[in-house]
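quick check, what structure comes out for this input:
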Amino acid sequence: MAETPRLPHTAQSVASIKLSCSNVTDANTLIQGCIFMAGHRIAIRKDLQEPIRCNHCQLYGHIRGACKGAEHCATCANPLHPTTNCPPNTCPCCVSCGPDSTHASLSHNSPAFKKRCADLETRFPKNTMPYFPTGKSWSRAVNPPQIIHGATYPLPQAAPQPPSMSR
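Next up is the predicted model:
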């Protein structure tokens, strides 16, 4: 059963969409190009494997169902309230980085998150590749192309036929 889409907040300025392709050739074609939505050029990127972080204790390496730790707020690391009850304008703090940190536990700028991502890339080199590897040498490139986020482009005159996709 498909999930009913949630209506965006009136102030929402960013959204994401997840596409599935039936084969890596179609996926790489999309990654090499882009799609246009409402006059905006949307870059496509491969979904990367990220470190697992428990949304109960906020530590890495396990999920809530296997958690044996105390609950901590993901925003301020406070063990006295869950993330949903964090007061507004609270100073962020990371459980993994300690009380001197100035970022939330769920921040992708967290040194703990970045270190675990680097560890994952060592174990899964495909995570560093912007394309799905195939027999073609360009698909094994490690340096992704530069993407200009937020840029607005005119709609193409003749839209190319998209690769076939399956659900």
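
tell me, which helix in the protein spans the most residues?
helix 111-123 (DSSP state H).

could you dump that helix to CSV, C-alpha only?
Written as CSV, here are the backbone C-alpha positions of helix 111-123 (Å, rounded to 0.1, in the frame of the first residue of the first chain):
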residue,chain,number,x,y,z
PRO,A,111,33.5,14.7,13.3
ALA,A,112,32.1,11.4,14.7
PHE,A,113,29.8,11.1,11.6
LYS,A,114,32.6,12.1,9.2
LYS,A,115,35.0,9.5,10.7
ARG,A,116,32.4,6.7,10.5
CYS,A,117,31.7,7.7,6.8
ALA,A,118,35.4,7.5,6.1
ASP,A,119,35.5,4.1,7.7
LEU,A,120,32.5,3.0,5.6
GLU,A,121,34.3,4.2,2.4
THR,A,122,37.3,2.1,3.3
ARG,A,123,35.2,-1.0,3.7
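
pull the residues that contact it.
Gln49, Glu50, Pro51, Arg53, Tyr60, Cys94, Ser96, Cys97, Ser107, His108, Asn127, Thr128 (CB atoms under 8 Å, 6 or more residues apart in numbering). In this view, the C-beta of every residue, glycine as well, is placed from N, C-alpha and C.

centre of the chain to that helix, how far?
14 Å (CA atoms, centre = their mean, to the nearest Å).

can you give me the buried ones in that helix?
Residues Ala112, Phe113, Arg116, Cys117, Leu120, Glu121 are the ones in helix 111-123 that count as buried (16 or more other CB atoms under 10 Å).

state the mean pLDDT of that helix.
In this model, helix 111-123 has a mean pLDDT of 93.

now do stretch 80-87
Mean predicted confidence for stretch 80-87 is 94.

go through that stretch and flag the buried ones.
Quick answer for stretch 80-87 (16+ other CB under 10 Å): Thr83, Cys86.

ok, residues contacting that stretch?
Under CB under 8 Å, 6+ apart, the answer for stretch 80-87 is Asn55, Glu71, Cys73, Ala74, Thr75, Cys76, Asn78.

what about 6 Å?
Glu71, Cys73, Ala74, Thr75, Cys76 (CB atoms under 6 Å, 6 or more residues apart in numbering).

so how do I select the buried members of the residues you listed in PyMOL?
Burial among those is assessed by 16+ other CB under 10 Å; the matching PyMOL selection reads:
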select buried, resi 71+73+74+75+76
